[in-house]
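K.L.:
I would like the atomic coordinates for the input below:
(one chain, ligands or ions: 2)
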Amino acid sequence: MKSVIRFFSSCILGIALLASLTSCEKPLGPQTRLYMGTVCSLSLFDKGTSGLYENMFTRLQEIEQTFSVNIPTSYISLINANAGKKPVSVPQEVILVLQEALRIAKKTDGAFDPTIGPLVALWGIGSDHPKVPSQEEISRVLPLIDYSKVIIDTQYNTVFLEKEGMALDLGGIVKGYAADQLTLIAQEHGVKQAIIDLGGNIYAYGTKNGSPWNIGIKNPRDPAGAPIIKLQTENKSIVTSGAYERFFEQDGVRYHHILNPKTGYPQENEVISSTIISESSMLADALSTSSYILGCIQGLTLIESEKAEGIMIREDNQVFATPAVVPTLTILNPEFSLQQNILP
Ligand code: ADP
Ligand code: MG
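P.N.:
Ligands and ions are numbered 1, 2, ... in the order given. Okay, the predicted model is just below:
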């Protein structure tokens, strides 16, 4: 009996010791892993325990497993495999992200279109073998890109693509959704300051010891070089779309990954970079891709109508921003200049 009591009391002592050890565990520094084809870096400045980092990376993996078109068992792949055949039951979060993507698709008259899948596949964007398709191949897939043919049943939580060959690709919005989800986990665990960076899709959560965070905007002409703009912000997401993020070259021509659903080609206009600032990273992600495609005037109009902020850089190095964000900007590179009043 005595030995049993001794066993239990040493167990209790062990647990107490463990608890006191974990309660004063030193926060870990930034942790980086690869998910969704990009470098994901989490910095939990005040409460970065290994358990919390693990928790957040597990959630990231779960989102990838749910949404990736490159994972054959993902819900998005299942919806695509059943295009023209039957509706597929999906978790609530798939409905939620898809509804937001469709809302933006409608609002941009299809410039942003989550049914861009067949075109992304044709160009081999993000694959090991990207290639320029023939005009004939492009003409064949363009009729499959049509957001109005995505049928969501909110009663039974199903998604159906009306035409065979249609395919969803949520690459223009899902990193934003993931950043929002990780921010939520940080918040639930009482984290006060964190930077969640999913391949440039950033959530600057809380403040930097009571002051705004300084976020750099990359030079679209030299993304590995020094940032060209400093932006001060707190508790917001900052998402940039640029042609320099993912591209390939063929016969001396550069082709990037933001596609125009009407022409079937990478969008070429005056825009070289578009940054959105918003409390919702999902919205910021969708708007950055959309505004890049729409161009400066329509892009900034869209951003303002969504109550978000934006900074768009034009080919002639002129920088345009929504009014509220202007006082928070510092141009760091004299080759670029801030212009006011692009909107009529
Ligand atoms: P990144 O993936 O570099 O963060 P974006 O958020 O701008 O860049 O998203 C680009 C991705 O969005 C592409 O890789 C593709 O998966 C998808 N996409 C490309 N063109 C469109 C479009 N017109 N509408 C919706 N999604 C698109
Ligand atoms: Mg985007």
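
K.L.:
List the contacts of Ala179.
P.N.:
Ala179 is in contact with 196, 198, 201-203, 237, 281-282, 285, counting by C-beta atoms under 8 Å, 6 or more residues apart in numbering. Where C-beta positions appear, they are placed from N, C-alpha and C, glycine not excepted.

K.L.:
just checking, Ile313 touches Ile272?
P.N.:
Yes: counting by C-beta atoms under 8 Å, Ile313 does reach Ile272; the two are 5.3 Å apart.

K.L.:
Can you lay out the contacts of Ala179 as JSON lines showing neighbour count, pLDDT and secondary structure?
P.N.:
Shown next, in JSON lines, are the contacts of Ala179 (neighbours: other C-beta atoms under 10 Å; pLDDT from 0 to 100; DSSP: H, G, I helix; E, B strand; the rest coil):
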{"residue": "Ile196", "neighbour count": "26", "pLDDT": "98", "secondary structure": "strand"}
{"residue": "Leu198", "neighbour count": "25", "pLDDT": "97", "secondary structure": "strand"}
{"residue": "Asn201", "neighbour count": "26", "pLDDT": "96", "secondary structure": "strand"}
{"residue": "Ile202", "neighbour count": "24", "pLDDT": "98", "secondary structure": "strand"}
{"residue": "Tyr203", "neighbour count": "28", "pLDDT": "98", "secondary structure": "strand"}
{"residue": "Ser237", "neighbour count": "26", "pLDDT": "98", "secondary structure": "strand"}
{"residue": "Ser281", "neighbour count": "28", "pLDDT": "98", "secondary structure": "helix"}
{"residue": "Met282", "neighbour count": "25", "pLDDT": "98", "secondary structure": "helix"}
{"residue": "Asp285", "neighbour count": "32", "pLDDT": "98", "secondary structure": "helix"}
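
K.L.:
Please, which helix or strand holds the residue lying closest to Gln31 once chain neighbours are set aside?
P.N.:
Counting by C-beta to C-beta, 6 or more residues apart in numbering, Gln31 lies nearest to Tyr53, which is 4.8 Å off, once chain neighbours are set aside. Using DSSP states H and E, Tyr53 sits in helix 50-67.
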